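1. Okay, sequence plus prediction incoming.
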Amino acid sequence: MKTTKENIERTVYVFAEAKTSYELENLEVGELPFTYKVKQYDYGDESCVRIMEQAIILTIPEGIDITLECVKNLEEKILALEAECVKEVAELRERIRNLALIEYKPDATPED
């Protein structure tokens, strides 16, 4: 399935969110004590303040093969999982080798 050129309209919301205490301790000169966040939904909590909302129009380009792109994404995930598994297996094998190197020596019993 390929995309067709079309416009979509959305409203985005910009929030200012306070930095963590760690981030505040490590502020660079001139750096703001908050971070701007752009969200697709209007939400609020005590750590952020809504600054503005903006209606936007995005144009979806024509001809992107969605199925092919999904398959590529899944193949990338498979490769990442395989790499992680290979790494974990190597770590476990190393632990086994280390355990095999440990020589068991029972405590010497005192002679009577």
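-> Noted; the coordinates are in hand.
2. lowest-confidence helix or strand of this structure?
-> In the chain, the helix or strand scored least confidently by mean pLDDT, DSSP states H and E is helix 21-25, which has a mean of 87.
3. can you tell me the average pLDDT over the helix or strand that that helix is followed by?
-> As assigned by DSSP states H and E, the chain's next helix or strand after helix 21-25 is strand 34-39. Mean pLDDT, strand 34-39: 91.
4. so what does strand 34-39 touch, helix or strand wise?
-> In this structure, strand 34-39 packs against strand 6-18, with contacts taken as 3 or more CB pairs under 8 Å, 6 or more residues apart in numbering; DSSP states H and E. (Glycine included, C-beta is placed from N, CA and C.)
5. could you dump the strand it packs on to CSV, C-alpha only?
-> The C-alpha trace of strand 6-18 is given here as CSV (Å, rounded to 0.1, in the frame of the first residue of the first chain):
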residue,chain,number,x,y,z
GLU,A,6,-2.9,14.6,1.0
ASN,A,7,-3.0,17.2,3.7
ILE,A,8,-3.8,16.5,7.3
GLU,A,9,-4.8,19.1,9.8
ARG,A,10,-3.8,18.8,13.5
THR,A,11,-3.4,21.0,16.5
VAL,A,12,-0.2,20.8,18.5
TYR,A,13,0.4,22.1,22.0
VAL,A,14,3.6,23.5,23.3
PHE,A,15,4.4,23.0,27.0
ALA,A,16,7.3,24.3,29.2
GLU,A,17,8.3,21.5,31.5
ALA,A,18,10.6,22.1,34.6
